[in-house]
Structures are given as structure tokens and as C-alpha cells.
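K.L.:
3D, please:
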Amino acid sequence: MAKTRAPAKPRQVRESAFMSAKWDEICKGRTFRTQDIPALTLLVQWYAVVERCISDMDVGDGLPQVAYENKMGDVKAVPMIQTMKQASAEIRQLNKQLGIVDGADVGGGGADAGKDSVLRLVSQSRKQRAAR
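P.N.:
Reported below is the predicted structural model:
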């Protein structure tokens, strides 16, 4: 089986600045097989889904919109929350399938240091947007 440090990015990954950067981040310091390209592609697409949900929930006041009122007057959770939960589960499963272990305690930050949780992704995305 062919192994490579940074497998060739598929066209749809190359054409997205976010997915291309995420691909580079994931592949940095890791070795993947050519056969891993479809799973890596799905992984960066799920990260893009999370990023889109975060963006769609942003109402500009520093806090995400988490609920809305429908035409009947019922208060409902925004659908992006459920989508992010699904994306988070898919990301965890693909990480496991690809042998990506994010639980290493390199910086002494505790048991959860280095793990990509939806909360951590939301926080990072907000910091990046605030910096722009």
C-alpha cells in the first residue's frame, strides 16, 4: 500500500481555501495511504459543515443564535445545532478510522487538550473572525 506524507488533494478540496487549509493542518506530521484520500476528503468536508453552521449562527453580537420563534410562536432550537452534533460525530469517527489521535497531552493542558470539540471549533472560529 502506497504511503505518503501529504496525499494529493482532490480538486474540490484544492478549490476551497478553508478545506485546503484544514487538509494541510490534518496531514502535517502524519502519514496517510493513498486509499485514505476519500476519508480525508470527507473529514475536511465535515469540518467545513461545522464552519458553515458557526457562520450561519453568528448574529454579530459575539454569541451564536441558538433558538428562533416559528410562525406558530413556538421557540425552537436552530437546526445548525443538530447538524453540528452530527458533524462532530462524523469527525470523531473519521479521525478514528484514519488513526488520528487528538487526545495527546502535549502542552499539559489536561485530559481534553488537543481535542477538537464543537465548542473548541466555535471558539476558534469566533477568535479568527474577530481578528479579521
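K.L.:
Geometric centre of this protein: which residue is closest?
P.N.:
By C-alpha atoms, centre = their mean, the mean C-alpha position of the chain lies nearest to Tyr47, the distance being 2.7 Å.
K.L.:
What average pLDDT does the helix or strand where that residue lies get?
P.N.:
Here Tyr47 sits within helix 37-57, counting by DSSP states H and E. For helix 37-57, mean pLDDT rounds to 95.
K.L.:
ok, now stretch 74-88?
P.N.:
The average of the pLDDT scores along stretch 74-88 is 93.
K.L.:
Using PDB, write out every CA atom in it.
P.N.:
The C-alpha coordinates for stretch 74-88 follow below in PDB (Å, rounded to 0.1, in the frame of the first residue of the first chain):
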ATOM      1  CA  ASP A  74     -43.100  28.200  19.300                       C
ATOM      2  CA  VAL A  75     -39.400  28.600  20.300                       C
ATOM      3  CA  LYS A  76     -37.200  26.100  18.500                       C
ATOM      4  CA  ALA A  77     -33.500  25.300  18.500                       C
ATOM      5  CA  VAL A  78     -31.800  26.400  15.300                       C
ATOM      6  CA  PRO A  79     -31.200  23.400  13.000                       C
ATOM      7  CA  MET A  80     -27.500  24.100  12.900                       C
ATOM      8  CA  ILE A  81     -27.100  22.700  16.400                       C
ATOM      9  CA  GLN A  82     -28.200  19.300  15.300                       C
ATOM     10  CA  THR A  83     -26.100  19.500  12.200                       C
ATOM     11  CA  MET A  84     -23.000  20.300  14.200                       C
ATOM     12  CA  LYS A  85     -23.700  17.400  16.500                       C
ATOM     13  CA  GLN A  86     -23.900  15.100  13.500                       C
ATOM     14  CA  ALA A  87     -20.700  16.700  12.000                       C
ATOM     15  CA  SER A  88     -18.900  16.300  15.300                       C
END
